[in-house]
Each structure stands twice: as structure tokens, then as C-alpha cells.
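A.B. asks: This is a predicted model, with the sequence first.
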Amino acid sequence: MATALKLAARGLFSPHPNPRVGCVISNGQNILGRGWHEFAGGPHAEIAALRDAREDVKGSTAYITLEPCSHHGRTPPCTEALLSARISRFVVASADPNPQVNGQGLKKLRNAGLAVESGLMADEAEALNPGFFMRMRKGRPWIRVKSAISLDGRTALGNGDSKWISSEASRRDVQKWRARSSAVLTGIGTVLADNPAMNVRLDNKQPGQNGQNWQPGQPLRIIADSRWRTPPGSRILADPATAIIAGTRDVAVPPELEATGARCISLPAVAGRTDLVALFSRLAEMELNEVQVEAGARLCGALLKDRLVDELLIYQAPQLLGKGGPGPFNFGPLESMDERTHLKLLESRRLGNDWRLRLEPQY
């Protein structure tokens, strides 16, 4: 199963909106076939492993990181192919939370008289697919907030200058987190101040199962812009087909913004800003799994205040920026220490001279 999980991780950048899944077919210690889900519409992990097998898999065991699908989607049901291959035992890490599956795949295999076990390394399998599980269970994407800060907690100088707080190694790491995301979200304040592109800039190709290398694709780029102030010439709109502007219904979308070709989503307003809950619900309907937020203190603070942040990715550099610069989150002031947001440290890693902290809010 550990090998199957490593295979699933090879699809970290590519299969969304589908989950990352790996499969190993073995006969005792002899591995017959390996596979992972490489891209949406392509073979699922189980099919890839069957195709990889150089021997008859009859009577073997399949280790799969997620329950096999039992319905027709972009591809036929995996359960049918597995039954046809006459595999006799299945070890599955996690059930599939998709209502179209959700136990039906395991039930179909058991009803055929096959040995089925589930739950082995389930936490690790779910950790590979936080957005898919969140979308299926709660109807919204997994929200990851990224921020680069100095040792004294500043994201910029008082005059707004922030290039560069983090090291080159940290900035390369951010690109990988962007690449695994379905979308990158920022606010209108960041667009007006920095005119960012918010695209993925990775020059390393990933090995595919067919011997061909491929380059990670571009996530959608989303702007939370309640008053529709995004300049039509913004770099973030350079590829309008992958750009979304989320504003409020009480203000008309400017014709020049519509003319860019970017998708404009009108949503309810909450306290004068775009309703973030409504935005994430809409993004889930668009089958977005993971959304990486790279924004200013106002938007990040609103997300934290509304308990919409699932994970923090903080790059802390050993620098002191002094008085006057903003922090990563603008909320409060708090009335007592009981109102603090507690964070659980999931991982710390050194990148160049920086530290990357991965944290989970404890609401």
C-alpha cells in the first residue's frame, strides 16, 4: 500500500477534478503491475496497473489507495475491469466519498464473492486528496493560504515593498504548491498593488506512464473583486479562459471587463465584500478541489475569521522589516486571549535560509 501511495503522489499535479489514486497488483512479494491516475479522462490507476502487468493477474491481490469506481463517468467502471481480470483479493485504503461511489464499488466486489479489506493507511490516502474529500463532504474546495513573512511578522515594508522577503528556494517551492492546486485566489488589492500573473512557472517535466514527459498545467486564477475594479490589462487576465472575477450583484459588471473574456461571477455581498461562502460553493460546483490563496491581509483575515482556512503555508525568512508594515492577517481586535486562533504545526521544513511552516487552524 505504501508503494501504491507513492504512485498516487505521481499524479499530484494532473488528475483534478479527479482524486489522486495509485494501484499495485501483486502475487505475494512479486509485483505484477503498477499504475496511477495521471489525468482526468485517462485510465484510472487500476486500469493502468492492469495494462502494466506482464503476467496473468488471476488470483492476485490489488492494493488500491481509493475505492474503485462502479459507475460510468469519463471512463467505464473500474470494478468491471477488475472482475474481468479475476483478481481474488482487494486491499483498499479509503472508501470514496463521492456519492456516486461511496461504498458501492466495495459492495460490488464483495457481492462477487471476493475478499475485500479497507482502511489500511486510510489517513495517508485522504491526505493526498484533501480537496476532493472536502468537496464531496462539505461542498467546497480545500482552502490553503500561503504567505511569506519576516521574523517580526511583516509581509511588506510600510511603503508596500515586498520583493523579496522569501528566498529563491521558497519561491520555487510555492510554484509546486500552485501546480497542485485547481485554482489560485487573490484579492483586488493585490492585483492593483502588484499586478501579479499568478501562474505556474515550473521547468521540470513529470514522467508519464506511457514514457512521455508532460509539463504541469496552469490552475485557474480567481480575483475576489467586489466592485469590479480589475484593470482589463492586468497580467492575471493574460489568459482570460483561465481567469475568473468574483464580484457582487449590487454593482454592474463593466462592459470593458466582460470584453476581456474572463468569466465574471456575480455573488451576494456580505459586509460590503464578496460572499466567500457563496464563492467557494460555486467553485465546488465547478469541480475545483484545492484553492491556494495568495492575497493581502484583508482577504486572508476574512477567510480566517469566517473559519474557511483549512491549511496555512507560511514561509518565514530571518529578516526584520520593522515598524509600519502589514501582517498576513487583518482581523480583530480581539477582546480576550480566549478568542485567539490556535494553530497545529503539521510540518516544518528548511528551504534555503527560510523555514516553511505548514499549519492547521484549530477552530
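C.D. replies: Good, I have the coordinates. Everything numeric in this text was worked out from a predicted model, so none of it was measured. Numbers count the residues shown, from 1 in each chain.
A.B. asks: Just to check, Ile236 is in contact with Asp194?
C.D. replies: No - using Cβ atoms under 8 Å as the test, Ile236 is too far from Asp194 to be in contact (9.9 Å). No exception for glycine: its C-beta is placed from N, CA and C like everyone else's.
A.B. asks: So for the two, which residue has more residues nearby?
C.D. replies: Ile236 (25 against 17; other Cβ atoms under 10 Å).
A.B. asks: For that one, give me phi and psi.
C.D. replies: Backbone torsions of Ile236, given as degrees, to the nearest 10, read phi -70, psi -20.
A.B. asks: What score does it have for pLDDT?
C.D. replies: Note on Ile236: pLDDT of 96.
A.B. asks: measure it to Asp354 for me?
C.D. replies: According to Cβ to Cβ, to the nearest Å, Ile236 stands 25 Å off from Asp354.
A.B. asks: swap in Val57?
C.D. replies: In terms of Cβ to Cβ, Val57 sits 47 Å off from Asp354.
A.B. asks: Kindly report the same for Pro43.
C.D. replies: Look at Pro43 and Asp354: by Cβ to Cβ, they are 39 Å apart.
A.B. asks: Comparing these two, which shows the higher neighbour count?
C.D. replies: Per other Cβ under 10 Å, whichever of Pro43 and Asp354 has more neighbours is Asp354, with 24 against 20.
A.B. asks: if I pick the more buried one, what's in contact with it?
C.D. replies: Asp354 is in contact with Ser166, Ser167, Ala169, Ser170, Tyr315, Gln316, Ala317, Pro318, counting by Cβ atoms under 8 Å, 6 or more residues apart in numbering.
A.B. asks: again with Trp142
C.D. replies: By Cβ under 8 Å, 6+ apart, the neighbours of Trp142 are Pro130, Gly131, Met134, Arg135, Asn289, Glu290, Val291, Asp310, Glu311.
A.B. asks: Backbone dihedrals for it, both of them.
C.D. replies: Torsion angles, degrees, to the nearest 10, at Trp142: phi -80, psi 130.
A.B. asks: What confidence value was assigned to the closest residue to it other than its chain neighbours?
C.D. replies: Of all residues not flanking Trp142 in the chain, Gly131 sits nearest, at 3.8 Å (Cβ to Cβ, 6 or more residues apart in numbering). What the model reports for Gly131 is a pLDDT of 97.
A.B. asks: burial count for Gly131?
C.D. replies: 26.
A.B. asks: just Val184 next, same as before
C.D. replies: The burial count for Val184: 27, using other Cβ under 10 Å.
A.B. asks: part of a helix, is it?
C.D. replies: No - under the criterion used here (DSSP: H, G, I helix; E, B strand; the rest coil), Val184 is strand, not part of a helix.
A.B. asks: any idea how far it is from Arg89?
C.D. replies: For Val184 relative to Arg89 (Cβ to Cβ), the value is 42 Å.
A.B. asks: go on, Glu311?
C.D. replies: For Glu311, the distance to Arg89 - Cβ to Cβ - is 35 Å.
A.B. asks: repeat for Lys176
C.D. replies: Applying Cβ to Cβ to Lys176 and Arg89 gives a distance of 36 Å.
A.B. asks: One more: Ile245?
C.D. replies: Taken as Cβ to Cβ, the span from Ile245 to Arg89 is 51 Å.
A.B. asks: Ok, Pro68 next?
C.D. replies: Pro68 is 13 Å from Arg89, by Cβ to Cβ.
A.B. asks: which one of these two has more residues nearby?
C.D. replies: Using other Cβ under 10 Å as the criterion, Pro68 and Arg89 rank with Pro68 on top: 28 against 15.
A.B. asks: show me what contacts Leu276?
C.D. replies: Contacts of Leu276 (Cβ under 8 Å, 6+ apart): Ala224, Val270, Ala302, Leu303, Asp306, Leu308.
A.B. asks: again, only this time at 6 Å
C.D. replies: Leu308 (Cβ atoms under 6 Å, 6 or more residues apart in numbering).
A.B. asks: Quick check, pLDDT for it.
C.D. replies: The model's pLDDT for Leu276 equals 96.
A.B. asks: for it, phi and psi?
C.D. replies: Per-residue torsions, Leu276: phi -70, psi -30 (degrees, to the nearest 10).
A.B. asks: Asp225 touches Ile245, doesn't it?
C.D. replies: Yes - in this structure, Asp225 is within contact of Ile245 by Cβ atoms under 6 Å, at 5.4 Å.
A.B. asks: Just want to know which of these two has more residues nearby.
C.D. replies: Ile245 (28 against 23).
A.B. asks: Now do the same for the more buried one: helix, strand or coil?
C.D. replies: Assignment for Ile245 (three-state DSSP): strand.
A.B. asks: Name all residues that make contact with it.
C.D. replies: Ile223, Asp225, Thr230, Ala262, Cys264.
A.B. asks: Could you identify the buried members of those?
C.D. replies: Buried residues within the contacts of Ile245, counting neighbours by 16 or more other Cβ atoms under 10 Å: Ile223, Asp225, Thr230, Ala262, Cys264.
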